[in-house]
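**Q** Okay, here's the prediction I keep looking at, along with the sequence it came from:
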Amino acid sequence: MDIYNSRRLSGTTTQIMDCTGVYAFLVEGEEKAVLIDTCTGVGDLKGYVEKLTDKPLSVILTHGHCDHAGGAAPFGTVYLNDADLKLVQYHAGMDMKMDYARFCNPEVCGAMSEKDFCPVRTGGYSSLRDGQRFDLGGVTLEAIQVPGHTKGMTCILNIEERTILFGDACNNGLFIWAEEATTIEEYLESLIKLKKHEQRYDTVYMSHGDVTVDKRVLDGSIEVCREVMDGKADGQPFDFMEHHLLMAKKTNEKGERADGGIGNLVYDPKKVFRERT
Ligand SMILES: [Zn+2]
């Protein structure tokens with residue numbers, strides 16, 4: 001099995017998949033290229049990307065988790081929102097990415113050692129700000145910060161092409177409970193802010209599972225947050241490692257919402273409302 005595969009999604013965008021099942025996206029304008037996310041750091045992503053483009057390349061990380069930031073070390077300029085700087089230090093460290101890769105694909109990664117992984121980045125990060133634009137020549141990307149899954153979580157809008165990468169901003173089982181996540185109350189505010197951009201895109205890309213998703217996943221997620229806050233969610237028990245969490249909407253054996261809706265999340269019942277002083 002190859003570590004990396006890719007396929008063209010549109011005139012400007014190529015989806016790159018790694019053997020752990022996460023996606024990065026290469027976006028090329030007439031003059032420059034941007035790699036959005038860097039997968040988990042298995043093997044040589046930079047070498048793979050250089051076969052796809054020879055344009056000057058910079059990297060944007062949607063957030064600091066190991067499956068998005070793990071392969072960032074060999075690249076020059078790497079943008080990341082400041083709110084995820086602390087997170088990326090440990091989450092994209094060697095132990096975390098090796099554990100993640102072995103867990104996701106024991107067959108390919110089980111026998112791998114440190115030398116099979118991208119080293120830990122020492123080059124630092126450039127600040128990725130909400131609203132920041134990147135002009136690639138005929139292609140403009142815009143960063144939209146959506147704190148929730150992590151505090152620095154950022155969606156990337158391709159303005160001319162009317163596509164947006166939600167990444168891990170919302171999906172059908174979003175993890176929003178860990179230390180780096182916001183409360184559900186703050187997450188809802190982020191989603192309402194994201195919704196203001198809804199008329200600017202037709203296609204939504206995701207970082208895991210189906211690469212495109214119905215754009216109504218955003219409305220579904222907003223509704224689910226409101227149900228959690230109103231105490232009306234199903235709250236199906238969901239144990240993950242030592243943590244006793246809840247899946248907001250009941251799921252079937254395929255992990256889809258039992259009521260047929262889209263948008264779902266895993267939350268900690270102690271982390272619904274922001275702390276009030
Ligand atoms: Zn993540």
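**A** Perfect, I can see it now.

**Q** interface residues of the stretch 101-250 of the chain facing the ion?
**A** Within the stretch 101-250 of the chain, the positions near the ion by CB under 5 Å from the ion are Asp168. From N, CA and C alone the C-beta is placed, and that goes for glycine too.

**Q** Which residue ranges of the stretch 101-250 of the chain form strands?
**A** 126-127, 133-135, 140-145, 154-158, 163-167, 174-176, 203-206, 212-213, 236-240, 243-247 (DSSP state E, counting those that start in this stretch).

**Q** which SS class is Val27?
**A** Following DSSP: H, G, I helix; E, B strand; the rest coil, Val27 is assigned to strand.

**Q** The nearest residue to Ala169 once chain neighbours are set aside: how many residues sit nearby?
**A** Once flanking residues are discounted, Ala169 sits nearest to Val146: 4.4 Å by CB to CB, 6 or more residues apart in numbering. Burial of Val146 is recorded as 28 neighbouring residues (other CB atoms under 10 Å).

**Q** Pretty sure Val146 sits against Glu189.
**A** No - using CB atoms under 8 Å, Val146 is not in contact with Glu189; the gap is 9.8 Å.

**Q** in the stretch 1-150 of the chain, which ranges drop under the pLDDT threshold?
**A** 1 (pLDDT under 70).

**Q** returning to that earlier point: mind checking how far the residue nearest to Ala169 is from the ion?
**A** 12 Å (CB to the ion, to the nearest Å).

**Q** residue contacts, Leu35?
**A** Leu35 makes contact with Ala24, Phe25, Leu26, Val27, Val49, Leu57, Ser58, Val59, Ile60, Phe75 under the criterion CB atoms under 8 Å, 6 or more residues apart in numbering.

**Q** ok, of those residues, which one's closest to the ion?
**A** Ala24 (13.2 Å; CB to the ion).

**Q** Tell me which helix or strand that closest one sits in.
**A** strand 23-28 (DSSP states H and E).

**Q** How far does the helix or strand just after that strand sit from its chain's centre?
**A** Downstream of strand 23-28, the first helix or strand assigned by DSSP H and E is strand 33-36. From the chain centre to the centre of strand 33-36 is a distance of 14 Å (CA atoms, centre = their mean, to the nearest Å).

**Q** Direction included, what does strand 33-36 pair up with?
**A** Strand 33-36 has the following strand partners under DSSP bridges: strand 23-28 (antiparallel), strand 57-60 (parallel).

**Q** Pull out the CA atoms of stretch 51-64 and give them to me as PDB.
**A** Once non-C-alpha atoms are left out, stretch 51-64 reads as follows in PDB (Å, rounded to 0.1, in the frame of the first residue of the first chain):
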ATOM      1  CA  LYS A  51       6.000  15.700  -7.800                       C
ATOM      2  CA  LEU A  52       2.500  17.400  -8.100                       C
ATOM      3  CA  THR A  53       3.700  21.000  -8.400                       C
ATOM      4  CA  ASP A  54       6.800  23.000  -9.000                       C
ATOM      5  CA  LYS A  55       5.200  26.400  -7.900                       C
ATOM      6  CA  PRO A  56       6.500  28.200  -4.800                       C
ATOM      7  CA  LEU A  57       4.700  26.500  -1.900                       C
ATOM      8  CA  SER A  58       3.600  27.600   1.500                       C
ATOM      9  CA  VAL A  59       1.500  25.600   4.000                       C
ATOM     10  CA  ILE A  60      -1.600  26.500   6.000                       C
ATOM     11  CA  LEU A  61      -2.600  24.200   8.900                       C
ATOM     12  CA  THR A  62      -6.400  24.200   9.700                       C
ATOM     13  CA  HIS A  63      -5.500  23.300  13.300                       C
ATOM     14  CA  GLY A  64      -2.700  21.900  15.500                       C
END
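
**Q** Name the residues of it that are buried.
**A** In terms of neighbour count (16 or more other CB atoms under 10 Å), stretch 51-64 has its buried residues at Leu52, Leu57, Ser58, Val59, Ile60, Leu61, Thr62, His63, Gly64.

**Q** ok and the residue in the protein nearest the ion?
**A** The ion sits closest to His65 of the chain, with a gap of 3.5 Å, by CB to the ion.

**Q** Setting aside sequence neighbours, what's the nearest residue to that residue?
**A** Leaving aside its chain neighbours, His65 sits nearest to His91 (5.4 Å; criterion: CB to CB, 6+ apart).
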